[in-house]
Each structure stands twice: as structure tokens, then as C-alpha cells.
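[1] I would like the atomic coordinates for the input below:
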Amino acid sequence: MTAHDPLRASTLADQFGRRVAMRLDAGTDAMAYEVGERLRAARVRALQVRKQPEVAPVMVGRGASATLALGGRTWFHRVASVLPLVVLAAGLVLIHTVQTERRANELAEVDAALLTDDLPPAAYADPGFVQFLKSGGGD
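    Reported below is the predicted structural model:
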């Protein structure tokens with residue numbers, strides 16, 4: 001028999017429980033009736049609470065993945081599980097739209113500045129003109 005034998009541990013726990021119950025029962029004769037009734041009522045309540053089954057989470061395998069199921073899946077659980085993905089996708093679309101709009105506005109400003117300037121657009125492509133601007137000749 002090993003030190004971690006579950007049958008032996010259960011037997012020892014039962015023996016200990018019986019000894020405690022005998023010690024507690026030994027003093028009940030000298031106890032007042034009201035105190036005994038309160039203890040009996042408390043014992044009944046404790047047993048009722050103890051008898052209620054606990055709902056334990058169950059790992060449910062679905063194909064190659066496993067989900068933690070805490071009871072039945074209702075429509076609310078399904079919507080709540082899909083909602084973060086929908087919000088994420090909407091956020092990504094919104095970010096893309098705003099960045100595209102901002103980039104288009106920047107390009108439109110550059111085009112407008114080039115077209116309304118006194119110099120022709122071809123002057124900006126000339127390497128000699130860029131060197132002239134860097135040397136401070138445009139002031």
C-alpha cells in the first residue's frame with residue numbers, strides 16, 4: 001500500500017468524521033433545547049446547500065479545436081462571440097478609409113501648389129533647378 005492510496009485516505013477521513021461526531025454528540029444532553037434546535041436547523045441548511053450539484057466547466061471538442069462550454073450555447077453567446085470580430089473588421093475598414101482620404105488630400109494640396117505656382121511643373125524635375133534652390137538662389 002502506498003502513502004497516496006485514495007482508499008486508505010477515504011477510510012481515514014471517515015474514521016475521523018465519526019470520532020468528531022461522537023465527541024459532538026456527547027455534549028448534546030447538557031445543551032439547552034433552543035440551542036439544539038438552532039444547531040439542527042443550521043445542519044439542515046448546510047446539508048441542503050451541500051446537496052446542490054455544482055456545474056463544472058466541460059471541455060467540448062469540436063473538430064480540431066476545443067471550447068470551454070459552460071452550459072448550453074444560446075443566441076446571445078453566439079452573438080457575443082462574433083461581435084468582437086465584427087468590431088475589429090469595422091475598425092480596420094474605418095482606419096483604411098481615413099488613411100486613404102488623408103493621403104488623397106495631401107496629394108491634392110501638392111498638386112494644387114504646383115499648378116498655382118509661377119514656375120512650370122517641369123522646373124521642379126530639373127536637377128539644376130533643385131541645386132539652385134539648395135544654394136539659396138531662390139530668395
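[2] so how many other residues sit close to Val86?
    When neighbours are defined as other CB atoms under 10 Å, Val86 has 10 of them. All C-beta spots, glycine's among them, are computed from the backbone N, C-alpha and C.
[3] same thing with Thr116?
    By other CB under 10 Å, neighbour count at Thr116 equals 7.
[4] that one and Gly27: what is the separation?
    103 Å (CB to CB, to the nearest Å).
[5] so where do the helices sit in the protein?
    6-26, 33-51, 75-116, 121-125, 127-134 (DSSP state H).
[6] ok, and what's touching the second one?
    I take that to be helix 33-51. With contacts defined as CB atoms under 8 Å, 6 or more residues apart in numbering, helix 33-51 is touched by Thr28.
[7] would you mind writing the CA trace of it as CSV?
    In CSV, the C-alpha atoms belonging to helix 33-51 read as follows (Å, rounded to 0.1, in the frame of the first residue of the first chain):
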residue,chain,number,x,y,z
TYR,A,33,-33.4,22.9,23.8
GLU,A,34,-33.3,26.2,21.9
VAL,A,35,-29.6,25.9,21.1
GLY,A,36,-30.1,22.3,19.9
GLU,A,37,-32.9,23.4,17.6
ARG,A,38,-30.8,26.2,16.2
LEU,A,39,-28.0,23.7,15.5
ARG,A,40,-30.4,21.2,13.9
ALA,A,41,-31.8,24.0,11.6
ALA,A,42,-28.2,25.0,10.7
ARG,A,43,-27.3,21.4,9.9
VAL,A,44,-30.4,21.0,7.7
ARG,A,45,-29.5,24.2,5.8
ALA,A,46,-25.9,23.1,5.4
LEU,A,47,-27.0,19.7,4.0
GLN,A,48,-29.3,21.4,1.5
VAL,A,49,-26.5,23.6,0.3
ARG,A,50,-24.2,20.6,0.1
LYS,A,51,-26.7,18.5,-1.9
